[in-house]
Structures are given as structure tokens and as C-alpha cells.
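build me a model:
(chains A and B, ligands or ions: 2)
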Amino acid sequence: MSQFAAEPLLDITVRVNGIRRTAAAPARRLLSDFLRHDLGLTGTHVGCEHGVCGACTVLVDGEPARACLMFAVTAQAHDVTTVEGIGHDPADLDPVQQAFVECHALQCGFCTPGFVTTISAYLDEHPDPSADEAREAISGNLCRCTGYQNIVAAVLRAAELRREREGTA
Amino acid sequence: MSTRQMGEKVQRREDPRLLTGNGRYLDDLGRGALQAAFVRSPHAHARIVDIDIADAWELDGVEAIYTWEDLPGRVAEPLPVLIPHPAMTHARTGYCLARDEVNHVGEAVVMVVARDRYVAEDACARITVQYDTLPAVVGVAGARDGDRLVHDDVPGNVAANLRQEVGDVDSAMAGAPHTLTLELAIERSACMPMEGKGVFGRWDADDGSLRLYSSTQTSTGVRAAVAAKLDLPLAKVEVVTPDVGGGFGVKIVHPWPEEVLVPWAARNLGRDVKWTEDRREHFVSSAHERGQLQEVTVGFDDDGRLLALDVRFWHDNGAYTPYGIIVPIITATQLLGPYKPGAYRVEFWSLYTNTVLVTPYRGAGRPQGCYAMERTMDAIAEHRGLDRAEVRSRNFIQPDEMPWDHGLMFQDGRPLKYDSGDFPASLAKLKALVGWDDFAAYREQAEREGRRVGLGIGCYVEGTGVGPYEGGHVQVETSGRVNVATGLTTQGQGHQTILAQIVADELGVPFDDVHVTTGDTRRMAYAVGTFASRGAVMSGNAVALAARVVRAKALRIAAEALEVSPDDLEIADGVVSVKGAPGTSIALKTVAVMSNPLRYAFDESAAAATQFAGTFDPDTPPVGDDDEPGLEGQDFYSPTQATFANGMHAAVVETDPVTAEIRILRYCVVHDCGVMVNPMIVEGQVHGGVAQGVGGALYERMLYDEGGQLLNASFMDFLMPYASEVPHIETDHLETPSPLNPLGIKGAGEAGTIPVSAVIASAIEDAEGFPIRSMPISPADLWELRRRHAASDPDPVPAQEGPR
Ligand code: FES
Ligand code: FES
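Ligands and ions are numbered 1, 2, ... in the order given. All right, here's what the predicted structure looks like:
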């Protein structure tokens, strides 16, 4: 038997994608690991674990946040939206996701969830961005595959799709 | 008639899954598996004196701790030299866990397996390794000096020395009216896929078999290597490649130590074991590329025509050479680009340094070669006062000279022979796209506004689609679903889509019915891998050939049932019908039933097929001697040589007169990869490639200090371009089909990256009016160059090479 006591576990409760979820995890558990490994929401990706790449971006109370720079306990009692909360059914895509398909805005798709969450939050505030603003909006996320050009196009297309859907709603 | 898919901008079918969090990348698998972490060397060069693991064992949740001493049999032996070459006189590879000596920071020394990654890392922190440090060899210049050695038994740090010569360079050079010599340097960068490497092993003790998931570019390669290392029958090892978050070359090396250790530990412990590389590990223990010093001497006539080219270069191969000398061989051969060199001699030395190993990174040696050649072209133009595009054009291989044999041996051991291309047409397109002839006026206008601008150009040819082979398997189910399998992997290039496009056309079925599996050794055990822009060429043609096998079989069976000749039949939208008499038809899914003589009418298609059963000959068996049940077929595509894609880029840059900040105002690409299966995907490959090239030209460098510490091993310090740094890319395409394969396609994966450093150097040189001989270039570098030139003290030695 080991001489060190096992790490104490806390029951952490977070509202994720509208549903209250609880899991036992140590205090140092990163929110990204908590979502991925404790809750099984693997759509949130980890590309650097030091807050630079943006792959792990989720929305905390509607604002983009790096899940790798937050402890899960800090999210206790907050609202977290992951890419699964934006749209989880491949046959029923949200406007941002649909725009990504149309504009070929992803290749390997690893960075993509972080872009989808970032862009969704951005469009909530800025429904009609210019191309320059769209580029600026995504310039906190790294993508190694696409060269960004098509992601910029997808931001503009998503804005259009959102307006269309609102118009018909 | 169904619409033809080939050449269409078909939207990718992999996207909806990946966009909704339904992707399955390596770390998404194996919930509940034990996790591995590694103690890695903090020293670039040292002897291991002692390893103390006692403290680590005290931690709750630690399941195993391994050092080299614990490794059995072949696991304890050095990793293989995957691609031996006769010129590689001193190949050296590392061990899965370091034995006695470490040769770069980041080399794995101890493996810990624990309940989770947090505990595994805690345990690593409690392990003490005592080292006797040795002097480190860092940078090409340091290695070339040879006064310190990486490996005691490798004199001069030379892993390989290779020389090729065509024509008599010495006399051609002696007879040339003009000669110039250029000393050039280019630095290390790295693939840096957003997903690092990862391995997940599952041992089935009852079956004595291993299932391994790896984020790899070659599942068959990993399978063979792991089976050999673990001494398992090949039949007992399966390798599955899940979704992979980018590769760009680094994931073609195999086996990585972790690909051996993780399954070995899983077997030892009888538990699932997983390892997911973190970003720092990726920086210090995966692989880099690009670092070279070059010396070019060129002889030319008054018109700038090449008469003789003599190139020597020194290539940094890092601490080990598991992937052989593919990279410098490619530099040596692909350097020639679209030009006829007159006489050509090239010699390189591949050198060991105490830094992480060097393996192909997108472009694989070509960016360096293109840089050497294009810097030379600009230097000739400058020397003769000629237009830079005109000098290039005078040296082009002409379309009617294709195929063009350079008389050299390419990286695949086959002749460097271009199959097709029309360089004058490409140049004309590029000049029109960028407005080459109007640039002088633009420059004057900019000058009046106090702005400094320059125009750069770079041309390249890229050997793509290298062999030896790739396979395709196509099967039509009785439901009409068409399953396609190819063994090569995918890392975001859209193989699921383009291979389905090809099969849909070849077989005459709806695109939506075609489903593609890649990189799963259970479905296709023979394959090579996804690298060297070979996916579409190799697997594209393989699945086309396999579809043709299936089509022929379908026509034969349908012809018997309809009592017509197969020549009178066609297949469209999944229905076989008599040409000109569409009423007489039979669904392909029904043919699938008939191909497998019925015993049970298990579904509607099966029941429907009974009406076509007709009379049979009781003296022949239901499945003939030369036949097999099932509407499926397999074929392999194996080319005699590589296909050669090509392209030309031009860029307009602006340099700030005060701060020396460098801004790319325009970036233009003309690209020729033969027939395009999906222009949207080709375009995406070009964009991504250029972005990586821009990173390599302006931002990315591996900052090693003289002790061999990588000072910028994080995304905070190693600057990969964001959207704010990558220019909008303007493209145009030319399609000169390859005569070498049935579909006429050439590869497109790496092209975008190849000329970017050359183009940006050319543009900055044009803006500044002094030569650029070292890349990448930062504003600080440019500022320093300006200072030196103002003081007429140009540094004769490239500034950025070696420790800084
Ligand atoms: S993983 Fe969180 S920012 Fe990179
Ligand atoms: S699509 Fe691969 S990293 Fe963005």
C-alpha cells in the first residue's frame, strides 16, 4: 500500500449544453479533461494545453474560454457550451457548422470545434461582419491545415445562413 | 444519367461528423485505459549514470515503471532504419527507451503507466536520473566542424555523403562566360499538426492478439514494425487509424518508440494502455526538418542561360536517421525545378547533431532545393540586368521536350523523369494573375507614398505519387451500398470524398451509396501510407482499377441474366441496362445477390433476384472454377515512376522603412497537378500549404541554444501563423494530365509549401535592393541586414545559422 493518500475527489457539478452534469474529479482537473474524459464530451480538443491554440475553446456563460486554462471546479455552477451543444447531429447542422461544410473550412477537423464555438459567440454579438472583421474574429485560434481563407469565408456564410434562418423562422 | 463526380467541387462527406463533435481522434478512444507518460532527457548529450524510481513507486495509482533494462528481446534493440541507402555509411537509430546515452533533449528514458495522466506525470516528477553530461553538437556549422562528435563512432558526424553528376560540370563551368557563387542558409521548422501523436493498445489475452490504434500516416507500416518488435505473428496484430488531426510528415515515421512501448505495456499488464503526446513532448521528441547550409556555383551565358550548376549542401539530420536520407536526396534532385541545368553536379553531407531527429515535413527537402535554385535565378537576373521571369523562362524545359529525363536518380531509386507539364503556359498565367508587367508602375506609385514594396517569384516541380503501390477493394452489397477500402490513411485530405467520387464514376453508382474506409489493416492489409502527395494518385487509381474489376463482373452477370452481350450494357445510377433500351435493366444490388448463388432469400433484393435465376446447368458448379462469390473486386496500382506536378508562385510584399516589418500584400499561385478529382479540395491543399510556407519563411524557427536546449518549445514562443498572418491567396490552375496513370492525376499535397521561402526572399530582396541569403527572416533580421548594408559591411556568413 502506498504511503501517499489518494488524491481527494470533489463532486463537480457543471451545467453543460443545458444539462446538469456531475462527476467526481480532483481539484486540479482541467475543465478540458473533465469534459473529455469525465463527461465523455470529446468534441472539445486539446492542441497545446497552454492557452495558445484555441482548440479547446468552449463557451462559459456564453463567452469563449480556453477549457485548458480553467479548472473544472471553477466552472462549478456555470453554464458551459461545447461544440456538441452547438449542434450534435450530423444530419442537422447549425448555421456555423453548415457554413464550414459549404466553404471547405476544415481539413483534419481537429481545430474545428474551437472555431465553431468561437464563431458562434462572435456572431451573436456581430451578426453582419466584414471580411476583415471575420478574419480578426478567428485570429485567436490556430489551424495548421486550412490556411484560414475558407474559415473566413465560412464566418461570412454563417452570418448569411443565420439571417436566412431567422427570416424564415 | 448520374452526373459525373470527377472534377466536381463535391462537398466533403467527412465534415458533418467532425463539425459536431462526433470525430474520433486517438485521445477520444480508450476511456478508462491506463495512461503512459515519459521521463525525457533534459540534456542534449549525456551518459546515463543512474535511475532512481523508488519514490515514484510510492504514488497511489502507479501501475508500472520501465527503463531500458526492463525491455525484453527486440523491444530492447535499436529502432529500425526504415529506408537504408548505400550512401548512408553511418546509420544510427535510438532505442525505445534510452540505453546508456541520450543524444537529444526529449529522448525518452523512463516510461510510467498509471491510473491517469496526472498521476503518471506526478510519478515522472519523482524519478531521478543522474547524467554525466557531454559536449553537445548543435547546428549544421557545428556538426560540419567535426571537433565534437554526436556518436563516438561516426567520424565528422557524417551519416551519409552522396554525389551525383550529369555532364562534365568542370569544363562547362570553365567555359561559361559568367559564374556566381551563393552561400545560403535555411532553418529548421516542424510539421506541428494540431493533434500530436498518440497510441492506444488493447491486448486480447484469450486470443493472443493485439489491436493498436495509432495517429499514424501508415497503419500497415506500424503493424509490420510492431509485430516484428513484439515478436507476434502479423495475423495477430491489427492497426486501426482513427480520425487523425493532421500529419504533414511527422506521423509517417514508424515505429515511434511509443508505438512499440504502449502495446508492449498493454500486453504486460493485461490492460488497455494509452499515450497522448502533449505539445511540449511534440516539440522535443517528435521530428523537425529543413535545416541546411548550401553553396551554389553557377555558370551562365550573356542571356542568363544555365551552362553549369555545381551544388554542395550540408543537411542537419538530427540525432538519428530512422527515415534515412530521403530529405537531402529530394533536395538534391528536386532543386532543378522546371529548368535544364546544362551540366549538373550535386553533393551533400547529412550530418548528426544533438537535436531531435529530422524526417520529412510537407515539401520534404523541396523547399530548401527550390530556395537554392530560385535564389540562383534571381542572382543571375541581377547580374545580367535581366527580368527575373524572363531568365526563368529561357531555362524552362519546353512542353514538346516532355517526358524529360534529367539523368539523375530520384528518392524512390528511379529515374528523375518528368512526365508532363507546360511551364511557359504556367508562367504566362502567373504573370497575368499577379500583374507582373505592371508592377514597375505600382512600385513607383508606392514610392511616391513613402512605401517600399517588392515582387518575388518562385517556380518548382514536385515529384508526387511515388510507389511502390497502393490497393483498392470495392464491394457491392445487396442493399446497393458500395464499400470501398484502401489501406492508406487520411489526415484531413478528404480521401473519403475523393475516392468515393472516383468509384461513383467508375462503377456508375450514386455518390451517396459509396462508403470509404482508410487506414484499417483489417480491411486492407497491403498499403504503404499517406505522404509525398501520393494519396490521390496511388489510392485514387487503385480504387478506380478495383471498381473496373467489379464493373466487368457486374456486366458479365447481368449480361447472362438479360441474355445480351456485356458490350451492350451500361451502368448508371446503380442500374445496369441495355444501351438504348433503358426498360431492359437490372439493379446493381440485384446483380450483387446473383453473384453469390442463392440458398436463402434473406432480403428483398435476394427475393427479387430469384426471377433472374433462369435455368442452370446441373453439370457445372454454382460458382465456377475461375470465379468467386460476391460482387467485389480488388486491384493494385503500381507505377513505374513518380508523377511530377508543378507550379509557380508570386508575392508582393511591403517592408516598413523604419521598423522593417514585413507584410505580404498579395500572394498568387498557379498550380498544375494534372486532372483534379475535386478542385475544392485541391484549392484547400494549396491554401494550407502556402500558410505553412509563410510560417517557414517569416516566423518559424527552432531556437536551440549552444547546449542543445530548444528555447521555444511552446506555441507561445514558436510562432505559427494565425489568420492575421496568412495572406489571402489568389489561385489559378493548369491541368496537364499525367500520361502515367489511368486517371491522369498528380499529387497536390505539398505544392503550396515548396516555393514560399524562395518567393518571400525574392520579394524582400526586390524591395530592399540587397541579397537575402538566409531564411526565415524576421523584422529584426531585416533591420540588421539594412544596418550592415548601410555600413557596407554585409555579413558574408548567413546570419541565422546555428545557435543564436
Ligand atoms: S488546448 Fe487550450 S488553447 Fe490550446
Ligand atoms: S483543420 Fe486541421 S488543424 Fe484546422
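
where does the prediction get shaky in the chain?
If you meant another chain, say so; for now it's chain A. Low-confidence segments of chain A (pLDDT under 70): A:1-5, A:168-169.

nope, chain B
For chain B, the ranges with pLDDT under 70 are B:1-2, B:599, B:611-616, B:793-804.

closest point of it to ligand 2, which residue?
B:Met194 (3.9 Å; CB to the nearest ligand atom). In this view, the C-beta of every residue, glycine as well, is placed from N, C-alpha and C.

ok, which stretches of chain A are strands?
Secondary structure of chain A, counting by DSSP state E: strands at A:10-16, A:19-25, A:57-60, A:63-66, A:79-81.

which of those strands sits closest to ligand 1?
strand A:63-66 (4.5 Å).

near chain B at all, that closest one?
No. No part of strand A:63-66 sits near chain B under the criterion CB under 8 Å from any CB of the partner chain; the closest distance found is 11.9 Å.

list the contacts of the nearest residue to B:Gly198 once chain neighbours are set aside.
Nearest in space to B:Gly198, with sequence neighbours left out and distances taken as CB to CB, 6 or more residues apart in numbering or on different chains, is B:Leu26 at 3.4 Å. The contact partners of B:Leu26, taken as CB atoms under 8 Å, 6 or more residues apart in numbering or on different chains, are B:195, B:198-200, B:213-215, B:242, B:244, B:274, B:276.

excluding sequence neighbours, find me the nearest residue to the residue in chain B that ligand 1 sits nearest to.
The minimum distance from chain B to ligand 1, using CB to the nearest ligand atom, falls at B:Phe715 (7.1 Å). With sequence-adjacent residues excluded and distances taken as CB to CB, 6+ apart, B:Phe715 is closest to A:Val52, at 3.7 Å.

helix or strand for the nearest residue to B:Gly752 once chain neighbours are set aside, which one?
Residue nearest to B:Gly752 in three dimensions, not counting chain neighbours: B:Gly689, with 2.0 Å by CB to CB, 6+ apart. For B:Gly689, the element it lies in under DSSP states H and E is helix B:679-694.

and that helix, how far out from the chain's middle?
With CA atoms, centre = their mean, to the nearest Å as the basis, helix B:679-694 stands 13 Å off its chain's centre.

gap between the residue positioned nearest the centre of chain A and B:Arg448?
Centrality entry for chain A: nearest residue to the mean C-alpha point is A:Val58, 3.5 Å, by CA atoms, centre = their mean. Here A:Val58 is placed at a distance of 50 Å from B:Arg448 (CB to CB, to the nearest Å).

swap in B:Trp264?
69 Å.

higher neighbour count, these two?
B:Trp264 (24 against 8; other CB atoms under 10 Å in any protein chain shown).

please name the nearest non-neighbouring residue to that one.
B:Val75 (5.5 Å).

ok, the residue in chain A that chain B sits nearest to to ligand 2 distance?
Chain B sits closest to A:Gly43 of chain A, with a gap of 2.2 Å, by CB to the nearest CB. Between A:Gly43 and ligand 2 the computed distance is 14 Å (CB to the nearest ligand atom, to the nearest Å).

surely that residue and B:Gly21 touch.
Yes. If you go by CB atoms under 8 Å, A:Gly43 and B:Gly21 touch, sitting 2.2 Å apart.

which residues do these two both contact?
Between them, A:Gly43 and B:Gly21 share the contacting residues A:82-84, A:88, A:113, judged by CB under 8 Å, 6+ apart.

can you list contacts of stretch B:410-418?
Counting by CB under 8 Å, 6+ apart, B:326, B:329-330, B:333, B:336, B:397, B:402-409, B:461, B:463, B:466-468, B:640-642, B:644 sit against stretch B:410-418.

next, the residue of chain B positioned farthest from its centre: secondary structure please.
Distance from the C-alpha centroid of chain B peaks at B:Pro618, with 55.9 Å (CA atoms, centre = their mean). The three-state assignment at B:Pro618 reads coil, by DSSP: H, G, I helix; E, B strand; the rest coil.

distance of it from B:Arg556?
21 Å.

and B:Phe644, what does it touch?
B:418-421, B:461-464, B:746.

spell out which parts of chain B neighbour ligand 2.
B:194, B:246, B:492 (CB under 6 Å from any ligand atom).

filter the residues you listed down to just the ones in helices.
Using DSSP state H, no member of the residues of chain B next to ligand 2 falls in helices.

how about those in CSV, adding distance to B:Gly508 and neighbour count?
CSV is the format used below for those (distance: CB to CB, whole Å; neighbours: other CB atoms under 10 Å in any protein chain shown):
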residue, distance to B:Gly508, neighbour count
B:Met194, 39, 29
B:Gly246, 35, 26
B:Gly492, 29, 30
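
of those, list those near chain A.
The subset of the residues of chain B next to ligand 2 within reach of chain A, by CB under 8 Å from any CB, is B:194, B:246, B:492.

so what's whatever residue of the stretch 401-550 of chain B ends up closest to chain A up against?
Proximity to chain A, evaluated over the stretch 401-550 of chain B using CB to the nearest CB, is greatest for B:Gly492 at 3.0 Å. Going by CB under 8 Å, 6+ apart, B:Gly492 touches A:106-110, A:145, B:244-246.

which one of the shared contacts of A:Gly43 and B:Gly21 sits closest to ligand 1?
Nearest to ligand 1, judged by CB to the nearest ligand atom, of the shared contacts of A:Gly43 and B:Gly21 is A:Pro113 at 10.9 Å.

which stretches of the stretch 351-500 of chain B form helices?
B:366-384, B:388-395, B:423-434, B:439-448, B:495-507 (DSSP state H, counting those that start in this stretch).

can I get those helices in JSON lines including distance to B:Glu69?
Compiled in JSON lines, the helices of the stretch 351-500 of chain B are given as follows (distance: least, CB to CB, whole Å):
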{"stretch": "helix B:366-384", "distance to B:Glu69": "41"}
{"stretch": "helix B:388-395", "distance to B:Glu69": "59"}
{"stretch": "helix B:423-434", "distance to B:Glu69": "59"}
{"stretch": "helix B:439-448", "distance to B:Glu69": "66"}
{"stretch": "helix B:495-507", "distance to B:Glu69": "43"}
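
let's have those in a markdown table, adding distance to chain A.
A markdown table is the format used below for the helices of the stretch 351-500 of chain B (distance: least, CB to the nearest CB, whole Å):
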| stretch | distance to chain A |
| --- | --- |
| helix B:366-384 | 16 |
| helix B:388-395 | 25 |
| helix B:423-434 | 16 |
| helix B:439-448 | 21 |
| helix B:495-507 | 10 |
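
secondary structure class of B:Val516, three-state.
strand.

what secondary structure does the residue of chain B closest to ligand 1 sit in?
Going by three-state DSSP: B:Phe715 is coil.
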